[in-house]
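Enquirer: No sequence on hand, only this structure:
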């Protein structure tokens with residue numbers, strides 16, 4: 001059984017029953033809970049718990065809800081600290097660590113830049129912005145100016161904005177996963193917009209199987225990942241969300257250091273021991289590219305990755321440890337290269 005979702009896909013062996021699944025809209029994308037057909041009796045309760053967790057976290061960190069904690073933090077930028085929940089605090093603290101790890105390639109305060117390029121409620125520029133206009137917005141970005149102390153947080157300068165893209169969904173999956181584990185659910189896959197975490201097996205003694213999408217042909221997969229034992233996976237790509245300016249496509253992932261949308265990468269898939277880490281690392285490596293990713297990966301034990309540059313013929317760069325999880329489609333076997 002293989003499962004195909006936003007960044008990964010489910011397909012399957014016809015001789016085996018598909019996992020039982022419940023799907024619903026959540027956090028601006030789609031969520032789902034899957035269990036083996038033999039465990040269907042646990043499905044509804046697990047989905048109900050997961051839905052409640054996702055709704056609670058979305059209410060706290062959505063930048064589209066005016067009464068969320070992220071929205072309040074953005075409104076109060078440059079003023080006094082605002083109280084935050086445990087979930088919001090945890091996400092902010094994780095994001096600060098990710099900023100250090102990535103050398104600023106991951107920056108939760110990149111909200112002004114994301115909106116400047118027309119994403120998350122911003123207006124798409126009619127022409128390529130001038131460098132001076134871009135730099136004036138980039139001056140509002142800097143995770144070092146996000147302060148988190150106890151149950152309060154503060155953005156140091158007026159105009160700054162936090163944006164949970166690249167971390168909040170993964171964190172929500174981890175919370176739901178831990179609750180499922182606490183509830184005694186032995187076999188489950190929890191998905192939120194392609195951020196997945198797997199427990200147990202998809203069917204009798206067989207790992208969950210997840211197809212990795214071909215970024216140049218979304219109807220195809222480049223291969224299959226096998227996951228169990230709490231492993232998580234996330235994918236960042238330039239094919240899901242983008243804008244066109246002067247006839248050129250710009251992906252939604254922005255390099256906070258330059259201010260420009262990232263060029264040169266088509267897709268990055270990361271396996272990690274938590275969904276939050278997989279979420280952060282897929283974004284971080286997408287920004288870092290082929291040259292910067294190996295050094296970052298050396299600092300994060302337990303992470304394995306697949307990187308696909310935005311050029312054809314397709315090249316699929318993989319870390320050495322990915323072989324334990326990833327089986328490429330035969331047609332792409334010659335495209336595989338080691339990430340050194």
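Expert: Sure, I can see it. Everything numeric here is computed off the predicted structure, so don't read it as measured data.
Enquirer: Now stretch 68-78: buried residues?
Expert: 68, 69, 70, 71, 73, 74, 77 (16 or more other Cβ atoms under 10 Å). Heads up, the C-betas are built off the backbone N, CA and C, glycines and all.
Enquirer: So for it, mean pLDDT?
Expert: Across stretch 68-78, pLDDT averages out at 98.
Enquirer: quick check, nearest of the buried residues of stretch 68-78 to residue 288?
Expert: residue 70 (25.5 Å; Cβ to Cβ).
Enquirer: these two touch, right, that closest one and residue 87?
Expert: No - counting by Cβ atoms under 8 Å, residue 70 stays clear of residue 87, with 10.7 Å between them.
Enquirer: Need the residues touching each of those two.
Expert: 60, 61 (Cβ atoms under 8 Å, 6 or more residues apart in numbering).
Enquirer: Now, the buried residues of stretch 68-78 that are in helices?
Expert: 69, 70, 71, 73, 74 (DSSP state H).
Enquirer: Surely the last one touches residue 160?
Expert: Just to be clear, that refers to residue 74. Yes - shown here, residue 74 and residue 160 form a contact pair, counting by Cβ under 8 Å, at 7.3 Å.
Enquirer: so what's in contact with these two at the same time?
Expert: In contact with both residue 74 and residue 160: residue 111, using Cβ under 8 Å, 6+ apart.
Enquirer: burial of residue 226, as a residue count?
Expert: For residue 226, the neighbour count with other Cβ atoms under 10 Å is 17.
Enquirer: ugh, wrong one, residue 65
Expert: There are 13 residues near residue 65, going by other Cβ under 10 Å.
Enquirer: So it: helix, strand or coil?
Expert: coil (DSSP: H, G, I helix; E, B strand; the rest coil).
Enquirer: Is it in contact with residue 72, as I believe?
Expert: No - counting by Cβ under 8 Å, residue 65 does not reach residue 72; the two are 10.1 Å apart.
Enquirer: coming back round to it: may I see the buried residues of stretch 68-78 organised as JSON lines, with distance to residue 105 added?
Expert: Below are the buried residues of stretch 68-78 laid out as JSON lines (distance: Cβ to Cβ, whole Å):
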{"residue": "68", "distance to residue 105": "26"}
{"residue": "69", "distance to residue 105": "25"}
{"residue": "70", "distance to residue 105": "21"}
{"residue": "71", "distance to residue 105": "25"}
{"residue": "73", "distance to residue 105": "22"}
{"residue": "74", "distance to residue 105": "22"}
{"residue": "77", "distance to residue 105": "22"}
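Enquirer: What is the longest strand anywhere in the chain packed up against?
Expert: In the chain, assigned by DSSP state E, the strand with the most residues is strand 217-227. Here strand 217-227 touches strand 2-4, strand 208-214, strand 265-272, strand 326-328, going by 3 or more Cβ pairs under 8 Å, 6 or more residues apart in numbering; DSSP states H and E.
Enquirer: Can you list the buried residues in the very next helix or strand once past the last one?
Expert: Later in the chain than strand 326-328, the nearest helix or strand by DSSP states H and E is strand 336-338. Of the residues in strand 336-338, those with enough neighbours to count as buried (16+ other Cβ under 10 Å) are residue 336.
Enquirer: Surely residue 115 and residue 124 touch.
Expert: No - assessed by Cβ under 8 Å, residue 115 is found out of contact with residue 124, at 10.5 Å.
Enquirer: For those two, indicate the residue with more neighbours.
Expert: Counted by other Cβ under 10 Å, residue 115 and residue 124 do not tie: residue 115 has more neighbours, with 17 against 12.
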